[in-house]
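[1] sequence and computational prediction follow.
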Amino acid sequence: MKKIKTSELAKKIEGTLIGEDFEIEGVNAIPLAKESEIIFIDSLKRVEEAQKSKAKVVLCPEGFAKYFSEKSVIEVKDVKVAFAKITEVFKTEIEPKWEVSPQAIIEEDVLIEEPCAIYPLVYIQKGAKIKRRVILYPGVFVGAYSEIGENTVIYPNVVIYPYTKIGKNCIIHAGVVIGSDGFGFAQEKGEEGYKNIKIYHFGSVEIGDEVEIGANTTIDRSVFGKTIIGEGTKIDNLVQIGHNVRIGKQNVLVSHTAIGGSAVLEDYVMLGGQVGVAPYSKIRKGARVAGKSGVTGEIPPGEEVAGIPAIKANVWRKAVIIFAKLPEIYKEIKKFIKSET
């Protein structure tokens, strides 16, 4: 079990310790925490609940120490960022078995830098390159001439098609498929209707460093060139990324989002859950798209949008209020029309 002094923890998260310097051994939710764990709050709404907690130490925004005279406090500028750093301090991991299992199948001309953990039932095709400290869990398929950067972890039943390049320090969760063909067909006219003719794909997928991809997400390879996922981007479970999409660095894509072929997301873009992005759309740097929105065309830099089709979020909010009142407005209009006639 990891233990750390609150003074040392405060330094790690660039916070200010107010109160006694305890040794703590974990972080927990307010109602579940023990005396030896730290809890966190980010608003006044949770002060009373935190005051009653067994935890001796509270992580909170600057100026909140006055509410916790009987506890030690670490004040920070950004609670969420500090909390994320604390979870890294206390994270628990099962040490992998640093060996290449004899039950793994490895074809010719595969380069594996030691140490690596390659579990049973992994299949690696010819010409692949696996850098040091990569972990491949059971059922992972690595296609020919693919490259996986150091310290990357790939969980069970991930499929990596040939010629895929994955950077270092990535996390790829179970069931992800990278490099499958995009959805491309031409319709050849016939006597009745048409016949779908497959457009074959010749490109690949390139994933930058420190990317995390959630379970059962799919990323299609390009027709020509590359489908690109930029450095530090975080992708939730069940996201679909089409062929030739280019995603910049430090994007956040929430579950059930679907991005059509050849769309471009610049750096620091955030998409809420169930967002649809039409093919060839462009979302500029720092833009944010609310959940269940539909993006077509171009979203300007730093813009916050919502709705289908996506419009400025402040306009959309007003429109939603008006929409809810339409039945009442309609009744008034009908009364006015009758009175005029």
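    Thanks, I have the structure now. Note that this is a predicted model, so its numbers are computed, not measured.

[2] how near is residue 9 to residue 76?
    Residue 9 sits 11 Å away from residue 76, going by CB to CB, to the nearest Å. Where you see a C-beta, it was placed from the backbone N, CA and C, and this is true even at glycine.

[3] okay, and the common contacts of the two?
    Common neighbours of residue 9 and residue 76, counting by CB atoms under 8 Å, 6 or more residues apart in numbering, are residue 15.

[4] could you pull out the helices in the stretch 51-200 of the chain for me?
    79-90 (DSSP state H, counting those that start in this stretch).

[5] for it, which spans come out with low pLDDT?
    Applying pLDDT under 70 to the stretch 51-200 of the chain flags no residue at all.

[6] can you do 90?
    The model of the stretch 51-200 of the chain has pLDDT under 90 over residues 92-94, 191.

[7] downstream of the helix or strand where residue 9 lies, the next helix or strand is which one?
    Here residue 9, judged by DSSP states H and E, is contained in helix 6-12. On the C-terminal side of helix 6-12, the closest following helix or strand by DSSP H and E is strand 16-18.

[8] show me what the next helix-or-strand element following that next one is in contact with.
    Toward the C-terminus, strand 16-18 is succeeded by strand 23-24 as the next helix or strand (DSSP H and E). Strand 23-24 is contacted from outside by 3-6, 9, 36-38, 56-57, using CB under 8 Å, 6+ apart.

[9] rewinding a little: now do the buried residues in the helix holding residue 9.
    Neighbour counts over helix 6-12 (16 or more other CB atoms under 10 Å) mark 6, 9-10 as buried.

[10] then stretch 262-269?
    Buried residues in stretch 262-269, defined by neighbour count with 16+ other CB under 10 Å: 262-269.

[11] just give me the closest of the residues you listed to residue 221.
    Nearest to residue 221 among the buried residues of stretch 262-269 is residue 262, at 12.8 Å by CB to CB.

[12] for that closest one, give me its contacts.
    Counting by CB under 8 Å, 6+ apart, residue 262 touches 242-245, 279-280.

[13] between these, which is nearest residue 50?
    Nearest to residue 50 among these is residue 245, at 43.0 Å by CB to CB.

[14] list buried residues within the contacts of residue 262.
    Listed as buried from the contacts of residue 262 are 242-245; burial here means 16+ other CB under 10 Å.

[15] thank you kindly, that will do.
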